[in-house]
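Enquirer: Here is my input, please return the structure:
(chains A and B)
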Protein chains: 2
Amino acid sequence: MKFNDYVENLQNYEAGKPVELVVREYGVKEDDVIKLASNENPLGTGKKAVKAIYKMAKHANLYPDDSMFELKGALADKYGVSEKNVIIGAGSDQIIEFLIHAKCNENNGILTAGTTFSMYGIYAKHAKAKHFSTASKFHDLKEIKELYESHKDEISVIFLCVPNNPLGECLDAKDVIKFIKSIDDDTLVVIDAAYNEFASFKDKHKHIEPAEIVKLKNAIYLGTFSKVYGLGGLRVGYGVADEKIISALYKLRPPFNVANLSLAAAVAALQDKKFIEKTIKNNFKEMKKYEKFANATGIKFIKSYTNFITFILDESKKSSEISQKLLEKGLIVRDLKGYGLNAIRITVGLPKQNKRIFDELRKLLG
Amino acid sequence: MKFNDYVENLQNYEAGKPVELVVREYGVKEDDVIKLASNENPLGTGKKAVKAIYKMAKHANLYPDDSMFELKGALADKYGVSEKNVIIGAGSDQIIEFLIHAKCNENNGILTAGTTFSMYGIYAKHAKAKHFSTASKFHDLKEIKELYESHKDEISVIFLCVPNNPLGECLDAKDVIKFIKSIDDDTLVVIDAAYNEFASFKDKHKHIEPAEIVKLKNAIYLGTFSKVYGLGGLRVGYGVADEKIISALYKLRPPFNVANLSLAAAVAALQDKKFIEKTIKNNFKEMKKYEKFANATGIKFIKSYTNFITFILDESKKSSEISQKLLEKGLIVRDLKGYGLNAIRITVGLPKQNKRIFDELRKLLG
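Expert: Predicted structure coming up:
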């Protein structure tokens, strides 16, 4: 059987290894496995979300409310925008998919920083679109602008990951807004704010306000419930933008794209202020320990505005070997070799988890 | 902001109205609303699935196992095929999306019966593909074959909905197999078996065996957890086919396309033999009441192999008016006007629910 030519060129995302796999493949006891590879919330699921899931479980037979009335309303309220400015996706990934299909085709494409979230490029291939990326791995707005100016006719979507996954650096909000204003009206600038709650806490100048993005008409704000809200397993993300953009994306949305349990949990998670606060506080308290550990051990790291930290290894150590050795001990971290870096990305976990990482890394790198 | 031209031509699926909406818009008490519009399982969610959801709720923070090891294994065991023959989707809809993108493009397209599941046509538009459909509303294999022969170069996917949604008729399995064998190796025949568990119970000649489909190399079997398994809200479906087909579809699969709660519930639902049996028994016991009611009231109906029944109204009654009047009473059924039929499709519910339908319909149609 033959398939469309472009299918062969598609790439799949390399997912973090799940706990079950480490148990199966390395015989580590489930309780001894520590997964700090996918930037999940180490505190688990918030109480309010768990309660909402319990309540909805017996209605798992009913299709979700396809208007997503409650969650869209809750997000619109939170951000002071209209429900018409909001679209919900199966993770913010799905909004990325919609907008690339809405804007890109084989004659144009996307522009990104040198090293950023890999799904941008993966979905660009789905639309047979081009992918321009800067020589700089980090987001350098000057360089992004130059590349845009020199390939304007071929660029229809620009991604800014604020803060950037998998590196951790973060643009200032005022520079982001200035940048969007300098871009043509017909080019969509995507502000991927999956980790912005963390960045905003660390430094208020990093805070992106969705309502401001809505006003700009050529930009969209993407948020997710997978990180600070602790619902990575449930696949809920959202986009906030001018109504015209949202309407176009809606055309591409399949029905019932988010499960009813996921919608209910997201509505509850949004209200769980205590859980969010606890998550962010643990994150930056523990982040300091990572920085201290790195400094003490002579490991280079990227100052992070997220819930993970990226350690750059020196040439004598291979990131893939280090990750593999950690894996065999039941510690799952993310090797960034696939991103062209000799580095590992570690999610900031609970104190006990982080201590185990330090102990093992000290043996391997010290 | 401009978008790709094809976006404007895309259609959205018309979802059944959710209970919450009827409460909001018509002021009917929630307990008085009966939703028999979306062919959901009227028995609710099975106990085993609910238990699995409870158990997984606290892990909602963790991304799903992207290999879907457990559910793929359970399905492979059930059907006596390899895990390499199985792909899991966010509903079987998503597998339809993958296969249309894998096979179709602007130079070719899909072939369907005259009146069948609308998502086939909706996804064809996403791929800018053509849509051929027979003059017959029902599946007529002779007519489908003739249309195929006369447009062979333009048809890359043929859909057979066995049994057919939204009409209810069902092809014999042996005719389906014979048909697939008569089609060129490079044309993919999709056996949408979303309701096949119901048809198989009513008449064993309607039973499609996935392992047989796998052997054929140019066909795929689609199943869902939304109907007999009672998990419509969780968005889990699957495809079973030759490994080469599954590999190609995998290229199009986004990571984490099914929530972890959904995967866990599906694994449990698959084992819940009692719930499945109870579901099917209630369905056909109550279906008889619908047939009896229709005969007594002089309403024409299509003999159904599914969990719904389609009533064809005579010209003096408009299906949209009847549906609207039922809606105002809190009874949600599916108006088939959008399918070009003066008919309503009613999910077979619990005895009490069905009685309310009969009582109201008697007033409106009697």
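Enquirer: what about the closest residue to A:E328 other than its chain neighbours, how many neighbours?
Expert: Among residues not flanking A:E328 along the chain, A:Y26 sits closest, at 5.5 Å (Cβ to Cβ, 6 or more residues apart in numbering or on different chains). From N, CA and C alone the C-beta is placed, and that goes for glycine too. Using other Cβ atoms under 10 Å in any protein chain shown, A:Y26 has 12 other residues around it.
Enquirer: Against A:I332, how distant is A:Y26?
Expert: According to Cβ to Cβ, to the nearest Å, A:Y26 and A:I332 sit 10 Å apart.
Enquirer: Could you do A:P351 as well?
Expert: Distance, A:P351 to A:I332, using Cβ to Cβ: 18 Å.
Enquirer: Between the two, which has more neighbouring residues?
Expert: Neighbours were counted for A:P351 and for A:I332 using other Cβ under 10 Å; A:I332 has more, 23 against 11.
Enquirer: Neighbours of the closest residue in space to A:V19 that isn't next to it in sequence, how many?
Expert: Leaving aside its chain neighbours, A:V19 sits nearest to A:V33 (4.7 Å; criterion: Cβ to Cβ, 6+ apart). Using other Cβ under 10 Å, A:V33 has 20 other residues around it.
Enquirer: likewise A:E212?
Expert: 16.
Enquirer: Quick one: name the residues of the stretch 101-250 of chain A near chain B.
Expert: By Cβ under 8 Å from any Cβ of the partner chain, the residues of the stretch 101-250 of chain A that approach chain B are A:101-105, A:119, A:126, A:185-186, A:188, A:217-218, A:226, A:230-235, A:242, A:244-245, A:248, A:250.
Enquirer: So which of those residues are in strands?
Expert: Of these, the ones assigned to strands by DSSP state E are A:L188.
Enquirer: List the buried residues in the helix or strand A:I95 falls within.
Expert: Secondary structure assigned from DSSP states H and E places A:I95 in helix A:92-103. The neighbour-count check on helix A:92-103 (16 or more other Cβ atoms under 10 Å in any protein chain shown) flags A:S92, A:D93, A:Q94, A:I95, A:I96, A:E97, A:F98, A:L99, A:I100, A:H101, A:A102, A:K103 as buried.
Enquirer: got it, and stretch A:276-284?
Expert: Result for stretch A:276-284 [16+ other Cβ under 10 Å]: buried residues A:I276, A:T279, A:I280, A:N282, A:N283.
Enquirer: Report whether that stretch contacts chain B.
Expert: No - on the criterion Cβ under 8 Å from any Cβ, stretch A:276-284 is out of touch with chain B, staying 9.8 Å away.
Enquirer: got the residue ranges for the helices in the stretch 201-350 of chain A?
Expert: A:210-216, A:243-252, A:260-271, A:273-297, A:319-328 (DSSP state H, counting those that start in this stretch).
Enquirer: Quick check: which of those helices has the most neighbours on average?
Expert: Highest mean neighbour count among the helices of the stretch 201-350 of chain A (mean count of other Cβ atoms under 10 Å in any protein chain shown): helix A:260-271, with a mean of 25.
Enquirer: Next, the angle helix B:260-271 makes with it.
Expert: Angle of helix A:260-271 versus helix B:260-271, following axes from the mean of the first three to the mean of the last three Cα atoms, to 10 degrees, is 150 degrees.
Enquirer: Would helix A:260-271 count as contacting chain B?
Expert: Yes - contact of helix A:260-271 with chain B (Cβ under 8 Å from any Cβ) involves A:N260, A:L261, A:S262, A:A265.
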